[in-house]
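Chemist: quick one, what's the 3D model for this:
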Amino acid sequence: MSPFIALQYLLPHRLLSTIALRVARIEAAWFKNAMIRFIANKFGVDWSEAASDNLDDYAHFNAFFTRALKPGARLPADDAMTIVMPADGRISQCGPIRYGRLFQAKGFDFSAEELLADSELAKRFDGGVFATVYLSPRDYHRVHMPYAGRLLETRHVPGRLFSVGTSTVAQVPRVFARNERLVCVFDTEFGPMAVVMVGALLVSGVETVWRGVEIPAYADQVIVRDYRDTAPAVVLERFAEMARFNYGSTVIVLLPPGATTLDRALSAEVPVRLGQALAQRLT
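Modeler: The predicted structure is shown next:
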C-alpha cells in the first residue's frame, strides 16, 4: 500500500472536505481568480467550451467548477433509443452486474446492495449492466439524465471520503460503496435506472435540480426521500441536467437486466463526453 493510500485511512475526511467547500466559496477576487487560473492551467481546462471565459463572471471557485457550457457544446446521441453518457470524464469500469456485484479494479468488486443501501432495489439490477464514470478536475461537473425518467426516491448513504483517482480505486477495496453518496432512483420506459453520485476526498458536495444541496450536511444514517407521491412529479427528460458536483467525483449508472446493452466502444480508461452513447435499449 502506498503512503498516499495509507494516509487516506487516517485523514479526517469530512473536516477536510468541509474546509475545501468553504475555500471554494471565497469571493475575494484576487484569491478566487488565482485559484481558477491555477486549476485551469494545471488540468488543461478547455475555455472555448465554457459559457464564459471571463474570470470576473465567476463569483467564486465553485461557480467556475460547476460552470455551464456554451449552447451546443454537448449534444445527445441522435437515436432516441440510446441511453446517453451522464457526464464528461473517463470510464473507470463498465460491464455486467454478475451475481449482484460490480467490478471495481483488478482484485476488487463490490455489491449493488451495499452501493445502493437497499437489498430489494439491488435485486432489480442483478444481471443488468453498469458504467462508472470518473470526473477529473478539468471536466464539466454537471450531471445529466441518461434517459427520461420519473424520480422515485433518493438515498443519502453515509460513508468515508476516499479519493476516487486511479491509484486509490486500485488499492482500496469497495471504495465506491464506502464513500458518502447520493443514490437517485428513476422509473423509465425500460424499467428502473439508478444514478449514483459518489463523493470523494475534498470533492464531496452534491446538489440536485429538484432539491438543491443534498451533501453536505453529511449523514450518520441512510436518509431516504420518497418522491413517488410528489405533486407535481419530478420528471426529467433525456439529457436534461439532474445534478452537479460542487467539486467533482464519480457517477455510477445502473441499468436493469434484459432492457439494455452497453455501447461496444466503452471500456476501462476510455475518455467519454456527456451525451455520447452509453447503452442501447433492447425493448
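Chemist: ok, now which ones touch Arg138?
Modeler: Shown in contact with Arg138 (C-beta atoms under 8 Å, 6 or more residues apart in numbering): 43-46. Placement of C-beta: from N, CA and C, glycine included.
Chemist: how does it look with 6 Å?
Modeler: Residues in contact with Arg138 (C-beta atoms under 6 Å, 6 or more residues apart in numbering) are 43-45.
Chemist: roughly how far apart are the nearest residue to it once chain neighbours are set aside and Leu115?
Modeler: Leaving aside its sequence neighbours, Arg138 sits nearest to Phe43 (C-beta to C-beta, 6 or more residues apart in numbering; 3.8 Å). Taking C-beta to C-beta, to the nearest Å as the measure, Phe43 falls 28 Å from Leu115.
Chemist: if we can go back for a sec, can you select the buried ones from the contacts of Arg138 in PyMOL?
Modeler: Buried residues among these (16 or more other C-beta atoms under 10 Å), as a PyMOL selection:
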select buried, resi 45
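Chemist: confidence score at the residue nearest in space to the middle of the chain?
Modeler: What sits nearest the mean C-alpha location of the chain, by C-alpha atoms, centre = their mean, is Val251, with 2.6 Å. Here the pLDDT value assigned to Val251 is 97.
Chemist: where's it, which helix or strand?
Modeler: strand 250-255 (DSSP states H and E).
Chemist: looking at this, Val185 is in a helix?
Modeler: No - secondary structure of Val185 (DSSP: H, G, I helix; E, B strand; the rest coil): strand, not part of a helix.
Chemist: the closest residue to it other than its chain neighbours - how many residues pack around it?
Modeler: Nearest non-adjacent residue to Val185, counting by C-beta to C-beta, 6+ apart: Leu152, 4.7 Å away. By other C-beta atoms under 10 Å, the residues close to Leu152 number 19.
Chemist: what's near enough to touch Leu152?
Modeler: 185, 187, 228.
Chemist: re earlier: what packs against the strand holding Val251?
Modeler: strand 129-134, strand 191-198 (3 or more C-beta pairs under 6 Å, 6 or more residues apart in numbering; DSSP states H and E).
Chemist: need the ones you listed in TSV with mean pLDDT, can you?
Modeler: As requested, those are exported to TSV (pLDDT from 0 to 100):
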stretch	mean pLDDT
strand 129-134	96
strand 191-198	97
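Chemist: of these, which is nearest Pro232?
Modeler: strand 191-198 (20.0 Å; C-beta to C-beta).
Chemist: between the closest one and strand 129-134, how big is the angle?
Modeler: 20 degrees (axes from the mean of the first three to the mean of the last three C-alpha atoms, to 10 degrees).
Chemist: okay, now the sheet partners of whatever helix or strand comes next after strand 191-198, with direction.
Modeler: Where DSSP H and E defines the elements, the next helix or strand beyond strand 191-198 is strand 205-208. Neighbouring strands of strand 205-208 in its sheet, by DSSP bridges, are strand 212-215 (antiparallel), strand 241-246 (antiparallel).
Chemist: who touches the shortest one?
Modeler: By C-beta under 6 Å, 6+ apart, the residues outside strand 212-215 that reach it are 182, 206-208.
Chemist: residues in contact with the spatially closest residue to Phe125 that is not a sequence neighbour?
Modeler: Nearest residue to Phe125, sequence neighbours excluded (C-beta to C-beta, 6+ apart): Leu254, at 4.6 Å. By C-beta under 6 Å, 6+ apart, the contact list for Leu254 reads 125, 130, 194.
Chemist: from these, keep the buried residues only.
Modeler: 125, 130, 194.
Chemist: which ones are touching the last one?
Modeler: With contact taken as C-beta under 6 Å, 6+ apart, Ala194 is in contact with 185, 254.
Chemist: heads up, I number from 180, so please use that
Modeler: Got it, the first residue is 180 from now on, which makes the last one we talked about Ala373.
Chemist: give me the distance between it and Leu195.
Modeler: Ala373 sits 28 Å away from Leu195, going by C-beta to C-beta.
Chemist: what do you get for the second one?
Modeler: In this structure, Phe309 lies at 29 Å from Leu195, with C-beta to C-beta as the measure.
Chemist: with the first one instead?
Modeler: For Phe304, the distance to Leu195 (C-beta to C-beta) stands at 32 Å.
Chemist: now the strands for the stretch 280-429 of the chain?
Modeler: Here the stretch 280-429 of the chain has its strands, by DSSP state E, counting those that start in this stretch, at 280-284, 287-290, 308-313, 321-323, 328-336, 360-367, 370-377, 384-387, 391-394, 402-405, 414-415, 420-425, 429-434.
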